[in-house]
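Student: Give me the fold of what follows.
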Amino acid sequence: MTDPARAAELAARDSYGRLLALLSVRTHDIALAEDALADAFAKALDHWPLHGIPDNPDAWLLTTARNRLTDWQRKQLRFPSESEIPDMPDDEHAENSLPDQRLSLLLVCAHPAIAADLHVPLMLQTVLGMEARTIARLFLISPAALAKRLVRAKAKVRDAGIPFQIPEGAVLEERSSALFEALYALHAHDWLDPADTLGDEAFYLADLSSRLMEDNAEALGLAALIAFSHARAGARTIDGVLVPTREQDVSLWRDELIAYGKRQLTRAYSKSMVGRFQIEAAIESIHVARKETGQTDWQALNKLYFALQKVAPSAGGLVAQAVVTGRLHGPDAGLRALDIAEAQAGTGFQPLWAARADLNAGLGNRETASRCYEKAISLATDLPTINLLRARLAELA
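Tutor: Below is the predicted model:
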């Protein structure tokens, strides 16, 4: 890949949502802004190899997209005047000189005029840059059907005249749940990639949300949760192999993110309004405490997973609690808890089989453990997890 092409790719990956938000806030037409930005990227691939990469690629792209919007306005006389398109900063060489309007656009995507089940997918695809086929897989819908619904949702935003601004009071609270779910999904998407830029964006936007909604306990909890998790990103995979949390090298954990997470979680507790993200953040805080204490408080984890199942029950939470039960009361107790989890989650949940394998291995049931590892491998979808399970299976042999 040539340097100009690489620069365009980096800009698309790191700045697309920010640029789109700037354009959309002014045009009130997400699809039109997407077309203008796509045109700007196409021009960059033609222009940059001949004239060099600009000092501020984002500013160049925004100017080019803005000019494209102005051309369309002159032809159709239905879009904002040029003065309403965001001006370039005086110093186009300044870093981070473009304002970030993504929160405004994210909250537009959660407007009640749009179908509730499209709020999070629209955020993920439009503002956060996740591919439609990935979103379709997450929400168990065909990519073609999702694409059609997203197109209609963007038209709805334009035709309904939805204001592109951050709402206040009760309206902001109503839309915040979808925002938190989208940021959580963005954070979890590529969590096994140590160089995960989506994780960086999720943390940045979660922090921004917590500043906007400083009295919202779940906003603070989500920021803490992402910070704790992101702190361990560098230790999560080694040489392409997943490293379980209890086996990670704590010297690779980032102290500044752990400290940030503690502050936000303390602030969340002070609101006396417990929710899912606060509990998940508390679970993460127990794990990262091992860096200071050298041990994991399994009793505390057991209580927190019990609370999580009350607030936000999930198959993952059931399996995690069964693993904790195995740590506290022995592998037999853990396997009995997994039987209960399987009755609710079904037999196609990969973490359940990995947990069964580990617990059976702890009991010395090598044949059963091997079969469980093989089943877990067949259900795994990411290479680091597969490599870990294969290594565990090889140890049994």
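Student: what about Gln350, how many neighbours?
Tutor: Taking other C-beta atoms under 10 Å as the criterion, the count of residues near Gln350 is 18. Using the backbone N, CA and C atoms, a C-beta is placed for each residue, glycine as well.
Student: isn't it right up against Tyr373?
Tutor: No - using C-beta atoms under 8 Å as the test, Gln350 is too far from Tyr373 to be in contact (11.1 Å).
Student: now the residue most central in space within the chain: how far from Lys262?
Tutor: Per C-alpha atoms, centre = their mean, the C-alpha nearest to the average position across the chain is that of Leu186, at 1.6 Å. Leu186 sits at a distance of 23 Å from Lys262 (criterion: C-beta to C-beta, to the nearest Å).
Student: How about the contacts made by Ile386?
Tutor: By C-beta atoms under 8 Å, 6 or more residues apart in numbering, the contact set of Ile386 is Ile377, Ala380.
Student: Would you double-check that it falls in a helix?
Tutor: Yes - going by DSSP: H, G, I helix; E, B strand; the rest coil, the assignment for Ile386 places it inside a helix.
Student: tally of neighbours for Leu122?
Tutor: Leu122 is surrounded by 30 other residues when neighbours are defined as other C-beta under 10 Å.
Student: Next up, the contacts around the spatially closest residue to it that is not a sequence neighbour.
Tutor: Nearest in space to Leu122, with sequence neighbours left out and distances taken as C-beta to C-beta, 6 or more residues apart in numbering, is Cys109 at 4.2 Å. When the contact criterion is C-beta under 8 Å, 6+ apart, the partners of Cys109 are His119, Leu122, Met123, Thr126, Val127, Ala153, Val157, Ala178.
Student: can you pick the most crowded of these?
Tutor: By neighbour count, taken as other C-beta under 10 Å, the most surrounded of those turns out to be Leu122 (30 neighbours).
Student: which secondary structure elements does the one helix or strand it maps to contact?
Tutor: When secondary structure is defined using DSSP states H and E, the element that contains Leu122 is helix 119-122. Contacting helix 119-122 under the criterion 3 or more C-beta pairs under 8 Å, 6 or more residues apart in numbering; DSSP states H and E are the following elements: helix 143-159, helix 169-189.
Student: In CSV, list the C-alpha atoms belonging to it.
Tutor: Taking C-alpha atoms only, helix 119-122 is exported to CSV below (Å, rounded to 0.1, in the frame of the first residue of the first chain):
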residue,chain,number,x,y,z
HIS,A,119,-30.9,3.1,17.5
VAL,A,120,-27.8,1.1,18.3
PRO,A,121,-27.1,-0.3,14.8
LEU,A,122,-27.5,3.2,13.3
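Student: gap between that helix and the chain center?
Tutor: Centre-to-centre, helix 119-122 and its host chain are 13 Å apart (C-alpha atoms, centre = their mean, to the nearest Å).
Student: For it, which outside residues touch it?
Tutor: Contacts of helix 119-122 with the rest of the structure, by C-beta under 8 Å, 6+ apart, involve 109-110, 114, 135, 139, 146, 149-150, 153-154, 175, 178, 181-182, 185.
Student: Could you find the lowest-pLDDT member of those?
Tutor: Ranked by pLDDT, those bottom out at Phe139 (84).
Student: Since that was my last question, I'll sign off now.
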